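**Student:** here is my input, please return the structure:
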Amino acid sequence: MFSFLKRKKEPRPAPEFLYKYYRPNEYSLDALRSKKLWMALPASLNDPFDLKFSVQLSVPDELSEEHVEAIRKTPVEIPEYEEIEGEEDNENGVKGQYHWNETTLDQLSPETLATIFTKPEFWKLPSAMSGITCFSEHSASPLMWAHYSEQNTGFVVSYHVPKAVHKNGIFYLDDLRFAPVAYTDRYPEVTVLDFFDDKQNIQDTLTFTKGYHWSYESEWRLVSQLGGCLVDSPFEIHSVYLGYNMRLEYKKALFDVCNTLGINSYQQVPHPTQFSYLASGPITPEDLNGNYCRDLSRSLEIQASLSRLENRRNPFKRRRH
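**Tutor:** This next block holds a predicted model:
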């Protein structure tokens, strides 16, 4: 029976804030301005191991008559892509959207059904057509800034996470669901009957499981039934963090969007003594110049040097507290 990484009834508490890294382009500005989130198809994500699992092969005898009869009468939703005439490609090269056509499997024999059920692609289809957008618990990760904001030229949006109902470790907000990613070194292992008896839990496990190499992301995923589209963000925008290497003209455009939305923006700069970032702000119009980041970094370095010098002169200072 399926048991690998089954979601706990008592989930990890959702953090108060989640952070999303953005590349510096017009699509990102438009999404921020309209308070939308792009729900990507899993195939377009950067991890080729997304939705991977191991299936134990079965034979027709494993499917009881009750299983076969129930499955044949169960509606099956088949995705169909509809191209929208006149619509321009978005940043992922999609200019249409997917919708579901409902049918049944009642024309198939038990032997054919059993053969289909041993194919991972069949059971992965609902998850493969879902929409995923990714968040992190951290806003100051150098790796995340390098990988997901084009070498610190993009920005990070801080979202306030509302209270949400949960079931088996998954949080639900209307027709969306979100949960933390579980990291492991092997694929989930399932059997054919597990797909039938515990279908939703398996789909959630495929969606919210990644290899342990990605654990530095501390990722949470928001999932919709269909991907390749924009949705209204269920999370309220709290603030925005600007990348250290962001171009000045883009910084001004982003500042204007933040100002219109009534949210504060902060400048990320390298920590003077640690491999991390500090956020300075809120940014004002006077800070929108080409020397701001350099001057701010130098100021922080001077402060850190003075602090170290003071500690050397007073080695017992910190022990008095």
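**Student:** quick check, residue 216 in contact with residue 142.
**Tutor:** No - counting by CB atoms under 8 Å, residue 216 does not reach residue 142; the two are 10.0 Å apart. Heads up, the C-betas are built off the backbone N, CA and C, glycines and all.
**Student:** remind me which helix or strand the closest residue to residue 285 other than its chain neighbours belongs to.
**Tutor:** Using CB to CB, 6 or more residues apart in numbering and skipping residues adjacent in sequence, the residue nearest residue 285 is residue 255, 7.6 Å away. Using DSSP states H and E, residue 255 sits in helix 248-261.
**Student:** what's that helix packed up against?
**Tutor:** Counting contacts by 3 or more CB pairs under 8 Å, 6 or more residues apart in numbering; DSSP states H and E, helix 248-261 is packed against helix 26-34, strand 236-242, strand 264-270.
**Student:** at 10 Å instead, please
**Tutor:** helix 26-34, strand 155-160, strand 236-242, strand 264-270, helix 292-313 (3 or more CB pairs under 10 Å, 6 or more residues apart in numbering; DSSP states H and E).
**Student:** pairing partners for the shortest one, with directions?
**Tutor:** Right, strand 155-160. Paired strands of strand 155-160, with direction, are strand 17-22 (antiparallel), strand 236-242 (antiparallel) (DSSP bridges).
**Student:** averaged pLDDT, the shortest one. What do you get?
**Tutor:** Computed over strand 17-22, the mean pLDDT rounds to 98.
**Student:** list the buried residues of it.
**Tutor:** The neighbour-count check on strand 17-22 (16 or more other CB atoms under 10 Å) flags 18, 19, 20, 21, 22 as buried.
**Student:** any idea of the angle it forms with helix 26-34?
**Tutor:** Put simply, strand 17-22 runs at 150 degrees to helix 26-34, going by axes from the mean of the first three to the mean of the last three CA atoms, to 10 degrees.
**Student:** skipping adjacent residues, who's closest to residue 254 in space?
**Tutor:** residue 155 (6.0 Å).
**Student:** hey, what's that neighbour bridged with?
**Tutor:** In this entry, residue 155 is beta-bridged to residue 22, residue 242, by DSSP bridges.
**Student:** what residues does it make contact with?
**Tutor:** Residues near residue 155 by CB atoms under 10 Å, 6 or more residues apart in numbering: 20-24, 28-29, 32, 145, 149, 240-243, 246, 250-251, 254, 257-258, 265-266, 268.
**Student:** pLDDT below threshold where in the stretch 151-300 of the chain?
**Tutor:** Low-confidence segments of the stretch 151-300 of the chain (pLDDT under 70): 191-199.
**Student:** hmm, 90 instead?
**Tutor:** Across the stretch 151-300 of the chain, the ranges flagged by pLDDT under 90 are 165-169, 174, 186-207, 225-228, 271-276, 290, 292-300.
**Student:** how about the helix holding residue 255 as PDB, C-alpha atoms only?
**Tutor:** The C-alpha coordinates for helix 248-261 follow below in PDB (Å, rounded to 0.1, in the frame of the first residue of the first chain):
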ATOM      1  CA  LEU A 248      18.300  51.900 -12.600                       C
ATOM      2  CA  GLU A 249      15.600  52.300 -15.300                       C
ATOM      3  CA  TYR A 250      13.900  49.100 -14.100                       C
ATOM      4  CA  LYS A 251      14.300  50.100 -10.500                       C
ATOM      5  CA  LYS A 252      12.400  53.400 -11.200                       C
ATOM      6  CA  ALA A 253       9.600  51.500 -13.000                       C
ATOM      7  CA  LEU A 254       9.300  49.000 -10.200                       C
ATOM      8  CA  PHE A 255       9.300  51.800  -7.600                       C
ATOM      9  CA  ASP A 256       6.400  53.500  -9.500                       C
ATOM     10  CA  VAL A 257       4.400  50.300  -9.400                       C
ATOM     11  CA  CYS A 258       5.000  49.900  -5.700                       C
ATOM     12  CA  ASN A 259       4.000  53.500  -5.100                       C
ATOM     13  CA  THR A 260       0.800  53.000  -7.000                       C
ATOM     14  CA  LEU A 261       0.000  49.900  -5.000                       C
END
